[in-house]
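**Student:** got a sequence here, can you model it:
(chains A and B)
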2 protein chains.
Amino acid sequence: MIVTFLGTGSGVPTLQRNVSAIALWFIQRGKWWLFDCGEGTQQQIMRSWLKLSQLEKIFITHLHGDHVYGLIGLLASRSLRSNVEAPITVYGPPGLDRYTAAILETTRVHLRYPLSVEIVSPGRYEMEEGYIVECAAAAHRGQAYAYAVEEPERPGAFRDDLARQAGIPPGPLYGKLKRGDTIQLEDGRVFHGESFVGPPQRGRKVVYSGDTSPCQAVVQLAEGADLFIHEATYAHADLALAERSAHSTARQAAGIARQAGVRTLVLTHFSSRYEKAGAEAGMAQLLKEAREVFPDTLLAADFLSLKVRRKRIETVGQSLDLTGDEAGKV
Amino acid sequence: MIVTFLGTGSGVPTLQRNVSAIALWFIQRGKWWLFDCGEGTQQQIMRSWLKLSQLEKIFITHLHGDHVYGLIGLLASRSLRSNVEAPITVYGPPGLDRYTAAILETTRVHLRYPLSVEIVSPGRYEMEEGYIVECAAAAHRGQAYAYAVEEPERPGAFRDDLARQAGIPPGPLYGKLKRGDTIQLEDGRVFHGESFVGPPQRGRKVVYSGDTSPCQAVVQLAEGADLFIHEATYAHADLALAERSAHSTARQAAGIARQAGVRTLVLTHFSSRYEKAGAEAGMAQLLKEAREVFPDTLLAADFLSLKVRRKRIETVGQSLDLTGDEAGKV
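**Tutor:** Numbers count the residues shown, from 1 in each chain, chains lettered A, B, ... in the order given. Predicted structure coming up:
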């Protein structure tokens, strides 16, 4: 799984950061999902390695403009730009159906592919190929969701070292054992495939908070996540602003990550004030505040791509030092 | 008046051209109007010299996504980004009111400034400070408009050469004459301001076709325009495509300009096919086809700015040769 940030600012786009959108690419399936779709997301996709034709699902956290104003343009362009007929499902909170229907109708959009809009409520949803999406209620103005994506457990790897030890000749027999078949050698010995398979591999878990003030529902949702993306609109000095607008500070986001016992935290949805010339606190301050609470923290940037491995997070196509102080500062 | 193109592609954005949006800046008033507002227009504005706080009016030609999906995001950002309280009026065809109301309601937008949405029909409208906006019905799928902006006639310039010839001493008396007052010199002679003012200057006229197939209503609307912006989605080789989709070829647009007797034609809203690698016809072909019919033709490009003078069109902030073959090819 690869996560690509397409927009990492809050409220209004800036020259450095577009508004919210995060892609989750399932490498082996050749498909990807989009989380939130602020205005200009389709333009960000054009500048990335993602293809609209391979987009399968869209999850909207809440109906604020900086998370949803790019949705219909993206759906329309997917229809106009390619001949893809693969359907798209959009999931989100109540109101999303009225929002999409009103725009599709008043602007007379005729999509070449089937579109479903599904209003979800907190709970666990089974998706294709064993994937689970869990939706939790975040704590923001209006109805807002956080989403977790859990990969299914995978069968263990074939232990050819054990097969060789047992004196089974390498070749087609190994393929049968891999598939779990039972085989018999010429000398009469019988072997069962399950004896040569390692323990099953746990599925990876990626969690995205959407916009939220610190809340226990997100802690529960994020438990044990490999990659946890939490908003950090403000620095600690602006805690009052964060509380008033139902957002989080970087330090608060780190506290949620620590409580949830996640592996890596990535902060996003930054207020533009920290990148203005002469700002008292800059982005380095947000990173510092978060790392004091949760050391394995990165700052998201537009077009940052992270490969989610079972033991670590790797950047893709960039030469970032993920362990040093400069981590994530792009 | 300065015209700045913010999006010059059709249907879907490309890396070269965003979707439709054109700014018209009234230099002396310090205000500007926007014509169409495709997705990502607010991002294009950030990359230009335009300020959202000085935006006064928005005119929508028709309710296709590539002309309107950036509207609400732009209005919301104007409210979030600046403390401006100056109102905005959005003009457009029927359905625009339902479109804006549905999005503002479902995404809970609270603007800090007053917003009016006015549904217009073909006719002449008086605006602030004597400006006239004329709306004509274009020939496109669904209800579509073309707009003309006519500047009021301006008083003639003060002829200080005549005042000096009459022996009137330069100084405060010139100011009185400029204002049209009557003055008396110490020697008893009496002069009237109107004697020292040149003939009134005609107002300039800028016309934008929106999306349309060639039509007489646009010819009439454009009569005598200083700057005429007409869509040219296709090259002549794709005439059948243009007819099927109710768009124009570059040659057809030039024919309209010739019939209307405009001063300068600028083509926009180009299909992305002419900028793809290996395309049979490129942008140079569109320009050639148009100039065979109407020589004073330019191709629009994102961020091209044109100053509309009474005798000629000048580029602003760019070193384009407006008379040579390279004109407008940026």
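
**Student:** for the closest residue to chain B within the stretch 51-200 of chain A, helix, strand, or coil?
**Tutor:** Closest residue of the stretch 51-200 of chain A to chain B, CB to the nearest CB: residue A:102 (3.4 Å). C-betas here are computed from N, CA, C, even on glycine. Local secondary structure at residue A:102 is given as helix here, using DSSP: H, G, I helix; E, B strand; the rest coil.

**Student:** that one: what's it in contact with?
**Tutor:** Contact analysis of residue A:102 by CB atoms under 8 Å, 6 or more residues apart in numbering or on different chains lists B:98, B:99, B:102, B:103, B:106.

**Student:** likewise residue A:10?
**Tutor:** A:19, A:20, A:66, A:211, A:231, A:233, A:247, A:269, A:270, A:271, A:272.

**Student:** how close does residue A:268 get to chain B?
**Tutor:** For residue A:268, the distance to chain B equals 18 Å [CB to the nearest CB, to the nearest Å].

**Student:** wait, doesn't that residue sit right on residue A:228?
**Tutor:** No. Residue A:268 lies out of contact with residue A:228 (CB atoms under 8 Å); the separation is 10.9 Å.

**Student:** neighbour count winner among these two?
**Tutor:** Shown here are residue A:268 and residue A:228; by other CB atoms under 10 Å in any protein chain shown, residue A:228 has more neighbours (30 against 26).

**Student:** separation between the more buried one and chain B?
**Tutor:** 27 Å.

**Student:** for that residue, which three-state class applies?
**Tutor:** strand.

**Student:** before we move on, back to that, so which of the contacts of residue A:10 are in helices?
**Tutor:** residue A:66 (DSSP state H).

**Student:** out of the contacts of residue A:10, give me the two with the largest separation.
**Tutor:** Within those, two members stand farthest from each other by CB to CB: A:211 and A:272, at 15.4 Å.

**Student:** which SSE is residue A:307 in?
**Tutor:** strand A:305-308 (DSSP states H and E).

**Student:** state the mean pLDDT of that strand.
**Tutor:** Over the span of strand A:305-308, the pLDDT mean works out to 97.

**Student:** ok, residues contacting that strand?
**Tutor:** A:1-5, A:204, A:206, A:226-227, A:266, A:298, A:313-318.

**Student:** what packs against the helix or strand that that strand is followed by?
**Tutor:** Per DSSP H and E, the first helix or strand lying C-terminal to strand A:305-308 is strand A:313-315. The helices and strands touching strand A:313-315, judged by 3 or more CB pairs under 8 Å, 6 or more residues apart in numbering or on different chains; DSSP states H and E, are strand A:305-308.

**Student:** partners of the strand it packs on in the sheet?
**Tutor:** strand A:2-7 (antiparallel), strand A:313-315 (antiparallel) (DSSP bridges).

**Student:** what's the closest non-adjacent residue to residue A:77?
**Tutor:** Once flanking residues are discounted, residue A:77 sits nearest to residue B:12: 4.4 Å by CB to CB, 6 or more residues apart in numbering or on different chains.

**Student:** and chain A, which residues reach chain B?
**Tutor:** Residues of chain A lying close to chain B by CB under 8 Å from any CB of the partner chain are A:11-15, A:18, A:39-40, A:42-43, A:46-47, A:63-66, A:68-70, A:72-73, A:76-77, A:80-81, A:95-96, A:98-99, A:102-103, A:106-109, A:141-142.

**Student:** filter these down to the buried ones.
**Tutor:** A:11-14, A:18, A:39-40, A:42-43, A:63-66, A:68-70, A:72-73, A:76-77, A:80-81, A:95-96, A:99, A:102-103, A:106-107, A:109 (16 or more other CB atoms under 10 Å in any protein chain shown).
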